[in-house]
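**Student:** sequence? don't have it. structure:
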């Protein structure tokens, strides 16, 4: 084996342990009995440490140096680049910190499930104390290696190629722009009178069947994936075995359906990564902002559009309410579109509409910056949360931890730096849709007729099949002609809501 | 850390990877989409190799030697004994053989699922060729290290402390004894007239609910375990997270229920192993014959007894047929007992009654002996199977591979040497019940009233909590006053069937 082949073999081995870790993570959220959290946390920590050991194998820099002298094609060269980038980050992380983070995340997530339900901030706070302490250490260690601030280094764990200095002006722009959109949209809604009622009392079995048929419409490969239920919906599993989850409420089938569509967007990216490099770093998705761009493309750009709902509405009615008349207004495309595009400031991020969602992200992003850099302590979180919610959405969370600062799984599972990727992804999704509108004449008519083939071919060609061949901004430029830019997102909101 | 503490820490680490492997195995059978078999097989092979590497760590013999000079209590000394025993076996296995066996087992089991359904021996045979070749190598390597024949060495993988020379006379005894019992039982049944009909058309949901409530009656801890569905029922998962499976047929609820009770017997053993040594070799169950003794105690000794069925019958009727009259004969204890103790030679081992079951095991045991030692080739299996079935049960499997030599998962998953443990377990189960009858006066009346507490306390005290503190025969002697002996099993069959 030459040096490059040694690298590929080594990363195939790492991929095997990542497979185990990914499936156990899915199991933890979707299947595991709650009493088994202790043994699972220990197993996950051992796997993390072992993967870290493989990822910091001292042969890697030698193989990288050797491979650079070998004749490599474009993909192989990019693979070496990605391997080197990851090695620098992994080598900066001491093993005990990897182990401590893995255990703290397992224990934190497990504790969160019950303590959130109890609105119990007092018992939850010590978990966050530990996690933010460890993530500050993690940020410092990574930041030193990358020449970044600790928080920028944490962001780089989820989305390489973008720093706070790039994100701050985008978020400032949205912070100024969105209140006007939200106000105007709410006013328009109020003028239109009483909102339509969401059809209620829909059995979980029929919601599940609708979810599965919608996933099939979107192209999810069930031969290499599953749909299950978890407390917090996600797309997980492993390369070649992609598993998404949702949750059901009989009185709110649209939330579950839109969740399924969102996670299917992630899954399509995962299932259509470059097949020849699935188990290599260059074959991975280009970061979590790009990943969220795909889930939000499906959920926001596609599934909440008047065109796609025109196609979907009769299918939904047939599956969930087959005895209802086709002309029943409650199940019409008009009603489902109104329900899918309703704007209403609320406490819960995952239930937020696309106009108020960025406020939830900006709140968390600003707090994370201060929690990592200093200026905010874990004990300050509830008050800071309340103040920011009052400021941005006019809502109070005083005393309400459950639907305030304890609502998300990210902090208890030690994913600090993830939140900004949601709004960066929403911006990228709008930019992709604008490019598709230019590149595929008549695409909206295709979508209204249920023909997604050209749209999906575009996404596969420009994004999914590219893996990490290009960096994030290069990927954006090659796909849309420009780097990430908030303009198309603002134009999209104006067009849809004003 | 002293040497003994180093051993404990090392085996805790191994237990963490065994956890991952156990959950992935369960997932493979109960959850995994079929297209993902390729990536899973690679992940399982990497895990097997890594566990093997840890289990053959060159420090182990040094730590064992050091620990022997340290002051150890009885459990710690037994732990060192078990560690040394396992090390000798693991060290005898070359790494590439471990990897090849893991891959062959994953691929064989996956192929078996579809090829068995197609009755396709031609495409199945090459998998068995590979597997028996590898298992012969495995048997030779282990046999050399243990000073045993290759087949005895394979048996020792599943049940240490017993060899062919011990098993042969037991099986010869049963081979002579059973035809008479089967003949007389069938005659008695025929004289009694037409058999009762199994209640049919029972929904899978209500069967599942019955399974769960029966597991609760038996003491299964759902806080650390689950019930799911798989092609071939099993008890698996991991220490502290015990998962059993069953399969459902709307026209045959008793099969599923008895399967659930069987696997719950395994699970009770796993869930009640010595808590202080759960992740150490001495805390493991004392081999698979002892494991099967616990599943068969629950399924055969308990759940097919007139006493327990007296307790269970009204509960079954209430859950599966609540609108049926309590006096309906089809749901009576008498009918359910008759159905549960019906004797009928058949093709399928897992459906066999307890009088004909040993014939299925002896057939496989005799073939395995020859397949490993020589005298039988894989290509001879179908004819040899047919001849043996004709000889022992008067049934032909000519051309019927599906319900003949392709019916079991054991061979395609490379578990050669496992089969004898079923009948050894049945024998031990009868011996335990006879001891319980002596030790607990009035136990059958307790069982008839649904009070299993004394029975379970006895099993926990004598078997479950003992882990591998004693070898198999010592465990038998301490629990029942004698080594494994076929007498109580024969007496049990005579009492129940004649």
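**Tutor:** Perfect, thanks for sending it. Note that the coordinates shown come from a computational prediction; the quantities given were computed from them, not determined experimentally.
**Student:** Spell out which residues of chain A are next to chain B.
**Tutor:** Contact residues (Cβ under 8 Å from any Cβ of the partner chain) of chain A with chain B: A:12-13, A:16-17, A:19-21, A:23-24, A:27, A:31-36, A:38-40, A:42-43, A:45-47, A:50, A:221-226, A:238-241. Placement of C-beta: from N, CA and C, glycine included.
**Student:** Which helix or which strand is home to residue A:484?
**Tutor:** Following DSSP states H and E, one finds residue A:484 outside all helices and strands.
**Student:** Double-check it against residue A:424; I have them as touching.
**Tutor:** Yes - Residue A:484 lies in contact with residue A:424 (Cβ atoms under 8 Å); the separation is 6.7 Å.
**Student:** okay, and the common contacts of these two?
**Tutor:** The contact sets of residue A:484 and residue A:424 overlap at A:162, A:170 (Cβ atoms under 8 Å, 6 or more residues apart in numbering or on different chains).
**Student:** ok, these two, which is more surrounded?
**Tutor:** residue A:424 (30 against 25; other Cβ atoms under 10 Å in any protein chain shown).
**Student:** Contacts only, for residue A:111.
**Tutor:** Residues near residue A:111 by Cβ under 8 Å, 6+ apart: A:123-124, A:127, A:412.
**Student:** Same check on residue A:491?
**Tutor:** Counted by Cβ under 8 Å, 6+ apart, residue A:491 has contacts A:430, A:434.
**Student:** same thing with residue A:420?
**Tutor:** A:155, A:159, A:167, A:171, A:289, A:361, A:365.
**Student:** Scan those and report the most crowded one.
**Tutor:** residue A:155 (31 neighbours).
**Student:** count of residues packed around the residue of the stretch 351-498 of chain A found nearest chain B?
**Tutor:** With Cβ to the nearest Cβ as the measure, residue A:467 is the residue of the stretch 351-498 of chain A nearest to chain B, at 16.8 Å. The number of residues packed near residue A:467 is 27, by other Cβ under 10 Å.
**Student:** Got phi/psi on it?
**Tutor:** phi 50, psi -130 (degrees, to the nearest 10).
**Student:** Can you point out the helix or strand that includes the closest residue in space to residue A:302 that isn't next to it in sequence?
**Tutor:** Nearest in space to residue A:302, with sequence neighbours left out and distances taken as Cβ to Cβ, 6 or more residues apart in numbering or on different chains, is residue A:308 at 5.1 Å. Residue A:308 is located in helix A:306-320, with elements delineated by DSSP H and E.
**Student:** contacting residues around the helix or strand following that helix?
**Tutor:** Per DSSP H and E, helix A:306-320 leads on to helix A:333-340 as the next helix or strand towards the C-terminus. Outside helix A:333-340, the residues that touch it by Cβ under 8 Å, 6+ apart are A:195-196, A:198, A:254, A:258, A:303-304, A:306, A:309-310, A:312-314, A:316, A:329.
**Student:** can you tell me how far residue A:409 sits from residue A:386?
**Tutor:** 21 Å (Cβ to Cβ, to the nearest Å).
**Student:** Over to residue A:57?
**Tutor:** 47 Å.
**Student:** show me the contacts for residue A:174.
**Tutor:** Taking Cβ under 8 Å, 6+ apart, one finds A:358, A:362, A:423, A:486, A:490 in contact with residue A:174.
**Student:** What is the most widely separated pair among those residues?
**Tutor:** By the measure Cβ to Cβ, A:362 and A:490 form the most distant pair in these, at 14.9 Å.
**Student:** sorry, back to before: pretty sure the residue of the stretch 351-498 of chain A closest to chain B contacts residue A:283?
**Tutor:** Yes - taking contacts as Cβ under 8 Å, residue A:467 lies within contact range of residue A:283: 4.5 Å.
**Student:** can you pull out the strands in the stretch 301-450 of chain A?
**Tutor:** Taking DSSP state E, counting those that start in this stretch as the criterion, the stretch 301-450 of chain A carries no strands.
**Student:** Same list (the contacts of residue A:420) but as TSV, adding secondary structure and pLDDT.
**Tutor:** Formatted as TSV, those follow (DSSP: H, G, I helix; E, B strand; the rest coil; pLDDT from 0 to 100):
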residue	secondary structure	pLDDT
A:155	helix	98
A:159	coil	98
A:167	helix	98
A:171	helix	98
A:289	helix	98
A:361	helix	98
A:365	helix	98
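**Student:** Taking the residues you listed, tell me the two that lie furthest apart.
**Tutor:** Farthest pair in the contacts of residue A:420, by Cβ to Cβ: A:159 and A:171, 14.3 Å.
**Student:** ok, so what distance separates residue A:72 from chain B?
**Tutor:** 25 Å (Cβ to the nearest Cβ, to the nearest Å).
**Student:** Apologies, that question was intended for residue A:287.
**Tutor:** To chain B, residue A:287 is 23 Å away according to Cβ to the nearest Cβ.
**Student:** Could you tell me how many residues sit around that residue?
**Tutor:** 24.
**Student:** That one is in contact with residue A:159, isn't it?
**Tutor:** Yes - in this structure, residue A:287 is within contact of residue A:159 by Cβ under 8 Å, at 3.8 Å.
**Student:** hmm, back to that, farthest pair in the contacts of helix A:333-340?
**Tutor:** A:195 and A:314 (21.8 Å).
**Student:** Can you get me a residue count around residue A:21?
**Tutor:** 20.
**Student:** which element is it on?
**Tutor:** Using DSSP H and E, residue A:21 sits in helix A:3-30.
**Student:** Pull the distance from the host helix or strand of residue A:476 to the chain's centre.
**Tutor:** Per DSSP H and E, residue A:476 falls inside helix A:472-480. Remark: helix A:472-480 is offset 19 Å from the chain centroid, using Cα atoms, centre = their mean, to the nearest Å.
**Student:** right, and the helix or strand after it?
**Tutor:** helix A:487-497.
**Student:** quick one, domains of chain A?
**Tutor:** A:3-118, A:187-348+A:420-497 (automatic domain parsing).
**Student:** if we can go back for a sec, quick one: the residue of the stretch 351-498 of chain A closest to chain B and residue A:239, what's the gap?
**Tutor:** Residue A:467 sits 11 Å away from residue A:239, going by Cβ to Cβ.
**Student:** Touching both of those two, which residues are there?
**Tutor:** In contact with both residue A:467 and residue A:239: residue A:273, using Cβ under 8 Å, 6+ apart.
**Student:** Check the gap between residue A:268 and chain B for me.
**Tutor:** From residue A:268 across to chain B, the span is 16 Å (Cβ to the nearest Cβ).
**Student:** what about that residue, which SS state?
**Tutor:** Secondary structure state of residue A:268, per DSSP: H, G, I helix; E, B strand; the rest coil, is helix.
**Student:** Can you give me the neighbour number for it?
**Tutor:** Quick note: residue A:268 (other Cβ under 10 Å) scores 25 neighbours.
**Student:** Quick check, pLDDT for it.
**Tutor:** For residue A:268, the model assigns a pLDDT of 98.
**Student:** One more: residue A:327?
**Tutor:** 89.
**Student:** just residue A:110 next, same as before
**Tutor:** Note for residue A:110: predicted pLDDT of 88.
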